[in-house]
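Visitor: Take this sequence and fold it.
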Amino acid sequence: MLNNKIKTVIKFGGFYESIHSHLIDYQIDDYIEYYNQENDTSLNYDDYDFNYKDMQMQYLNQYISDYVDFIESEYNLNIKIDDITLYQPQYYNYSTDEIDCFISKSDENKLIKHFKKDENFLEYLKDSCKSRNGFISYYKYDSAIMNQDNILTLYIFEYIANKYQESDRFNTDIYIDISENQPELV
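Guide: Below is the predicted model of the structure:
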């Protein structure tokens, strides 16, 4: 905990072969097509040196802004998420990208108080804590609901991310400034 803030994680589905990577790829394709039309060229993807790290951070900043708006409109909770960084595993065979971030202890308390009364979330938590064929849950439901190791916030944020991405409010028009990452083409 740092200055009344706690570090947490948002499991948003990552960039590996996901809707998020596809949205960035669509914008890259649109950028190349537009550039070719405007400049009467026939450049392709290999003619560019795209800065994926920068584009992913631009995407995440807009995603988190929209995610926080979704929490406020759907759950009537006003929270703030700070110090956003992208965690990317070395290999994608066991996990995927996650958003590392900080929230205040008071925001964490608001989330926990609300979602401990949300029957849909509680069902989600019970299901998430069940071991099944090929998966052994590290946390049992009782441990998770008691917020052992601050795990409840992670489950809450993952639940909200799933709901957000399933909703008609999921923003697929996130703008990424691809041109600012490009060297002048000769």
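
Visitor: How far off centre is whichever strand or helix holds residue 54?
Guide: Per DSSP states H and E: residue 54 is located in helix 52-75. Mean-position distance between helix 52-75 and its chain equals 7 Å (CA atoms, centre = their mean, to the nearest Å).

Visitor: Kindly report the same for stretch 9-26.
Guide: For stretch 9-26 - counting by CA atoms, centre = their mean - the centre lies 8 Å from the chain centre.

Visitor: That stretch spans what distance, first to last residue?
Guide: 27 Å (CA to CA, to the nearest Å).

Visitor: what is the rounded mean pLDDT of that stretch?
Guide: Mean pLDDT, stretch 9-26: 92.

Visitor: And it, what's buried?
Guide: 10, 11, 12, 13, 14, 15, 20, 21, 23, 24 (16 or more other CB atoms under 10 Å). Using the backbone N, CA and C atoms, a C-beta is placed for each residue, glycine as well.

Visitor: and the fourth one, what does it touch?
Guide: What that stands for is residue 13. 19, 20, 96, 161, 165 (CB atoms under 8 Å, 6 or more residues apart in numbering).

Visitor: now stretch 164-177, how far from the chain's geometric center?
Guide: Distance, stretch centre to chain centre, for stretch 164-177: 11 Å (CA atoms, centre = their mean).

Visitor: do stretch 95-102 as well
Guide: Centroid separation between stretch 95-102 and its chain, computed with CA atoms, centre = their mean, is 7 Å.

Visitor: Give me the contact list for that stretch.
Guide: Contacts for stretch 95-102 (CB under 8 Å, 6+ apart): 2, 5-16, 18, 60, 64, 81-89.

Visitor: which strands and helices sit next to the helix holding residue 54?
Guide: helix 19-39, strand 82-87, strand 98-104, helix 151-166 (3 or more CB pairs under 8 Å, 6 or more residues apart in numbering; DSSP states H and E).

Visitor: Ok, which of these comes nearest residue 130?
Guide: Counting by CB to CB, residue 130 lies closest to helix 151-166 out of the helices and strands packed on helix 52-75; the figure is 12.7 Å.
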